[in-house]
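K.L.:
here is a sequence together with a model predicted from it:
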Amino acid sequence: MGVQFDRPWLLLLLVPLIVFAIYAFRGSFRISKFRHRLAATFRTFALLLLVLLIAGIQIYSVERHHEVVYAVDRSSSNEANNQDRTWISSSLAQKSSEDQFSVISFGRNASVEQTWDTQPTLGSLDSSVDADYTNIERALQLASGMFKSGDSRIVLLSDGNENIGQVEDTGRLLRNRGIKIDVLEKHNNTKRDTAIDSLNLPGKLYVGESFTVEARLTSTFSGTGEITLYEDRVEIGKQTVRIEKGENSVLLQGLAKSPGLHRYRAELNMPGDEQSANNAAFAFTRVSGNPSVLVVEGKPNTSANITNALNAGLIDTTVIVPGQLPSEIADYAKYDSVIFNNVSGDSLGQSKMETIETAVRSYGIGFMMSGGDQSFGLGGYFDTPIEQALPVSMELEGKREVPELGLILVIDRSGSMSGSKIELSKEAAMRTVELMRSKDTVGVVAFDDTPWWVVEPQKLTDKEAVLDQIQSIPSAGGTNIYPAMASAAEAIQKIKAQRKHIILMTDGQSAGGGSYEELLNTLAQNKVTVSSVAVGSDADRGLLQMVANLGKGRFYDVQDETTLPAIFSREAVLLARTYVVDKPFTPALASPGDWASLFAKGVPNLNGYIATTAKPSAQTALVSPEPDPVLVRWQYGSGRSVAWTSDLTGEWSKSWVSWDEFANTLTQMVKWTFPQFSASPYVIETSRAENGTELVVTATDSPSNSQPDELIASIGGGDNDETRQSVSLVQTSPGRYTGILPILEPGAYLLNLASPDEENVAVTETAKEPAAPVAVGTGLVIPYSPEYEIDLNQSEGKSRLAELANLTGGRVLSWDDPAAVYAQPAAPHKQMQDWTSLLLAMVLVLWIADIAIRRLAFPWERLAAWAAAPLAAMRRRSSGDASDAAASTEASVLARLSTAKRRSVTFRGGEKSAAEELAAPPKGAAGKSATQPSPRAEGGELKSSQTGIANAAARLRAERESGGASQPRAASEETRGSASSGEPISPEKPASAKPPEPGGSAMERLLAAKKRGGKS
């Protein structure tokens, strides 16, 4: 045990404390002396403890034992095996019982396998770590934080090939803490492995240009393999190559066929290769040439006017049907814009809509929608991602009188509808309700074996309540269509509305029959129309087609249930029949901006359009007399979109498509949507980080105030399109932005940079032309993990381990000598003990005791005497002779008092005899005085007796104050009792032989004896 102080100079406070203690003990007494000194003692000790606490007192013990953390590298290049366990177990067998150890595993992250233990038993090495990277720094940080006390040492089992972190920096910190690192190099078992290290090709190409792709390879053996080259996941070449052991270079040929950003992937197939994770490499390039536009036509062969006009403007076009739309965002990178030519939303599906919206918002791809009987509101685009990207809304916000509507939804809720089907059905019903107005009547009947009215036919005065009821529809039971249809037919005939409609949706066969023809004829007579929706391949299409035909509605054959919301929305819009404005008019200029020159010579007539509502921040160039928007544009995120609410087939726009300026006008409209990317103003670099990939973007121009404080990087387009993510890049220095990308699979990704305002779809709120964003579209390559790289010489890791051991004062261990871990004696170390809380508690107790002694009226002397009684008894037993002497002293004092009394009596008796002899007084009246002593003689005797008694009492008080024993005092009292009775005390008859007189203290008995002597 030992004591040390953090601030020893503060012990100088003991000097004034000593002065205070002296003053406290010698000061004036306002209370008894005993209480005063006891309180001063407690106060002094409390202040002493406070001084020790202020000086930082620490109590410690000196111990000698090892604390060892085994850090095992379990990355892909060093997976833990039995050799690791055997070596660690052998070293543990040599440790002492006091030595403690723990085990951690690490890869990209670190995890504790076994906490501190003194028993030499090793557990399993199976905790979850990311084996794709090696982060020795993270492992050392975790290990160093586990040490408690003792001779701290880390035993590192690794190959030293760190690819994340800076182990040297951590080594210096551990050295300063006195933690040593012993290293044990793990040797990789040489595999038959061939890897593609990199793929190189020109950064910019032109259409029709041939180019060379260089693939650099490394192999641990010789052989013949095959390399395949892919462009945007399409195979464009294959080549058989001879690969030698060591480094190789292979050249592949390619041809730039189409403009845009293209991704390339090279894959190697080598017989005998034992590692496949490093057999692919990635690259990208941008091919410049004629702009390319993807035209999606809702009806076949209706896009000739569009393609002819764009081709005349040197814009390449690709025409497809909705079913051919790409589902991955990377496939849109080859196009500058996408045009929807009268495309219905129910032919797309939710996923493709979301992909197009993301391509526009995050990657700057242009978008344009033209009108028709399947477009805008009639296409079911209400509340869809496409509507979000467009500058117009599908809702007609109180602009015209819409007839009163009555709609009943008949929805299959059988067990086969469970999962996404019933959820999408409920979403479709809710979206339909949201399109309707408070004066419309809506009912919802769900059916399985029997019909169930989820929402009784009612006015939409409380739309939220209706939506909540629809949301509660469960799925269960069988399928019986006719009872539900009959119940809906009966209910809708009671509804008073200008237009009535029923929508039937099911995914199965009806278990029961019924007279559908009679039922539908009755509905037709009451001007009720019926549409039907068949979901999936098990639906009774024949029955549903018949229902739609007899009900004079529409039949939808749905294979993708995500189109259900669009179908129901379209049915609600068609029921109103107010979206189509089919009367001739001449569009008027509103705020055309730079498009004003296109209409300087006038604007042709139009015969119809689809009514929409322009969004507040959109720029409306042409309007109808209502006024409804005809030509609208806006900036949406990084991209731009245009809405042309009339058609481009000639049905409503016959004068436009035959107009001399049509080709140029349409070309300028489409070109306005093209990506606004020029030469990249940024240099993009990546590096590996502990929790992802660090992205560094540096501006190529000189830093200026116009540069944003933050950039948003949108990453997507990998092999798994779900990897689309946005990352904020913070400006760490002028013109330099950094951020951490999430962990991505190896591949080539599309990268778009934009300011936060552009990412959040910030557009101008005025009617002026929106400003072009400063955005960058490029590619980003994430290579495979360096764990799978082939290191032919393996010297870098070995030297790194040796430097780490030398830096921290550790050792380079051997696989042949596991006992060396505990071979060196443990260095002595101090085990600190924190007594701060205990000392503070003692200060509090002493302080309270000090106050209690000074303020509370307790019999402190009696308490002290009671507490000292055991000590007095021990003192009497250990010093019996001294007690006897004290008793003898007290007895002698009492004997002298008795002798004085006898002399006084003798004196009074002698005086009386002399008087009688010399002069006998006359008898009679003087008889009384003849037997009494004279006053003077009596006064002298009394004075003498009082003096003796007073002296004896003084001696008794002195003996009592000096702590005399109680036994002698008792003997003295007995002696005084005998003396007062006038009996002589002799050695043969000790004073204690006569029992003491009862009652009173010793002083009281002395006074009583005096009075008796006076009377006698």
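P.N.:
Here it is on my side, so go on.
K.L.:
C-alpha only now, for contacts and for neighbours.
P.N.:
Will do.
K.L.:
now the helices for the stretch 601-750 of the chain?
P.N.:
Counting by DSSP state H, counting those that start in this stretch, the stretch 601-750 of the chain has these helices, from start to end: 654-657, 662-672.
K.L.:
so Ala484 sits in a strand?
P.N.:
No: using DSSP: H, G, I helix; E, B strand; the rest coil, the secondary structure at Ala484 is helix, not a strand.
K.L.:
just give me the residue closest to the centre of this structure.
P.N.:
Asn691 (14.4 Å; C-alpha atoms, centre = their mean).
K.L.:
for Arg108, see how far away that residue is.
P.N.:
8 Å (C-alpha to C-alpha, to the nearest Å).
K.L.:
could you do His66 as well?
P.N.:
His66 is 28 Å from Arg108, by C-alpha to C-alpha.
K.L.:
surely the residue nearest to the centre of the chain is in contact with Gly165?
P.N.:
No: contact criterion C-alpha atoms under 8 Å: Asn691 and Gly165 do not qualify, at 10.7 Å.
K.L.:
what residue ranges in the stretch 151-300 of the chain score low on pLDDT?
P.N.:
Scanning the stretch 151-300 of the chain for pLDDT under 70 picks out the ranges 189-190, 206.
K.L.:
where do the helices sit along it?
P.N.:
Under DSSP H, counting those that start in this stretch, the stretch 151-300 of the chain gives helices at 167-176.
K.L.:
for it, just list every one of the strands.
P.N.:
Taking DSSP state E, counting those that start in this stretch as the test, the strands found in the stretch 151-300 of the chain are 151-158, 180-185, 194-200, 204-206, 210-219, 223-231, 234-243, 246-255, 260-269, 280-288, 292-297.
K.L.:
mind putting the ones you listed into CSV with mean neighbour count and distance to Lys583?
P.N.:
Formatted as CSV, the strands of the stretch 151-300 of the chain follow (neighbours: other C-alpha atoms under 10 Å; distance: least, C-alpha to C-alpha, whole Å):
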stretch, mean neighbour count, distance to Lys583
strand 151-158, 24, 80
strand 180-185, 24, 85
strand 194-200, 23, 60
strand 204-206, 17, 48
strand 210-219, 18, 54
strand 223-231, 17, 50
strand 234-243, 14, 49
strand 246-255, 16, 52
strand 260-269, 22, 42
strand 280-288, 23, 44
strand 292-297, 23, 24
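K.L.:
who does Val642 bridge with?
P.N.:
Per DSSP bridges, the residues bridged to Val642 are Met368, Arg633.
K.L.:
what's the burial count for it?
P.N.:
For Val642, the count of nearby residues is 27 (other C-alpha atoms under 10 Å).
K.L.:
which ones are touching the residue lying closest to Leu589 once chain neighbours are set aside?
P.N.:
Leaving aside its chain neighbours, Leu589 sits nearest to Leu622 (4.8 Å; criterion: C-alpha to C-alpha, 6 or more residues apart in numbering). By C-alpha atoms under 8 Å, 6 or more residues apart in numbering, Leu622 lies in contact with 587-592, 629-632.
K.L.:
quick one, what contacts the nearest residue to Pro629 once chain neighbours are set aside?
P.N.:
For Pro629, ignoring the flanking residues on the chain, the nearest one in space by C-alpha to C-alpha, 6+ apart is Val623 at 4.5 Å. Contact analysis of Val623 by C-alpha under 8 Å, 6+ apart lists 587-590, 629-631.
K.L.:
one more: Ala312?
P.N.:
With C-alpha under 8 Å, 6+ apart, Ala312 has these contacts: Ala663.
K.L.:
where does it fall, phi/psi-wise?
P.N.:
Main-chain torsions, Ala312, degrees, to the nearest 10: phi -70, psi -20.
K.L.:
find me the pLDDT at it, would you?
P.N.:
Looking at Ala312, its pLDDT reads 87.
K.L.:
can you check Gly910 too?
P.N.:
Looking at Gly910, the pLDDT reads 48.
K.L.:
same check, this time on Gly927
P.N.:
Confidence score, pLDDT, at Gly927: 42.
K.L.:
before we move on, back to that, with distance to Ser90 added, can I get the strands of the stretch 151-300 of the chain in a markdown table?
P.N.:
As requested, the strands of the stretch 151-300 of the chain are arranged in a markdown table below (distance: least, C-alpha to C-alpha, whole Å):
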| stretch | distance to Ser90 |
| --- | --- |
| strand 151-158 | 14 |
| strand 180-185 | 14 |
| strand 194-200 | 36 |
| strand 204-206 | 60 |
| strand 210-219 | 36 |
| strand 223-231 | 42 |
| strand 234-243 | 43 |
| strand 246-255 | 38 |
| strand 260-269 | 43 |
| strand 280-288 | 41 |
| strand 292-297 | 69 |
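K.L.:
can you tell which of the ones you listed is closest to Met669?
P.N.:
Nearest to Met669 among these is strand 292-297 (12.3 Å), distances taken as C-alpha to C-alpha.
K.L.:
helices and strands around the closest one, which ones?
P.N.:
Counting contacts by 3 or more C-alpha pairs under 8 Å, 6 or more residues apart in numbering; DSSP states H and E, strand 292-297 packs against strand 316-320, strand 337-341.
K.L.:
once you drop chain neighbours, what's closest to Ala280?
P.N.:
Excluding its sequence neighbours, the residue lying closest to Ala280 (C-alpha to C-alpha, 6+ apart) is Glu267, at 4.5 Å.
K.L.:
assign Phe555 to helix, strand or coil.
P.N.:
Per three-state DSSP, Phe555 ends up strand.
K.L.:
and it, how close does it get to Phe447?
P.N.:
Distance from Phe555 to Phe447, by C-alpha to C-alpha: 20 Å.
K.L.:
just Thr194 next, same as before
P.N.:
On the measure of C-alpha to C-alpha, Thr194 and Phe447 end up 62 Å apart.
K.L.:
and if you look at Ala849?
P.N.:
From Ala849 across to Phe447, the span is 84 Å (C-alpha to C-alpha).
K.L.:
show me which of those two is the more surrounded one.
P.N.:
Set Ala849 next to Phe447 and count neighbours by other C-alpha under 10 Å: Phe447 wins out with 26 against 16.
K.L.:
show me what that one bridges to in the sheet.
P.N.:
Under DSSP bridges, the beta-bridge partners of Phe447 are Asp412, Pro451.
K.L.:
isn't the residue nearest to Ala280 up against Arg233?
P.N.:
No: using C-alpha under 8 Å, Glu267 is not in contact with Arg233; the gap is 11.4 Å.
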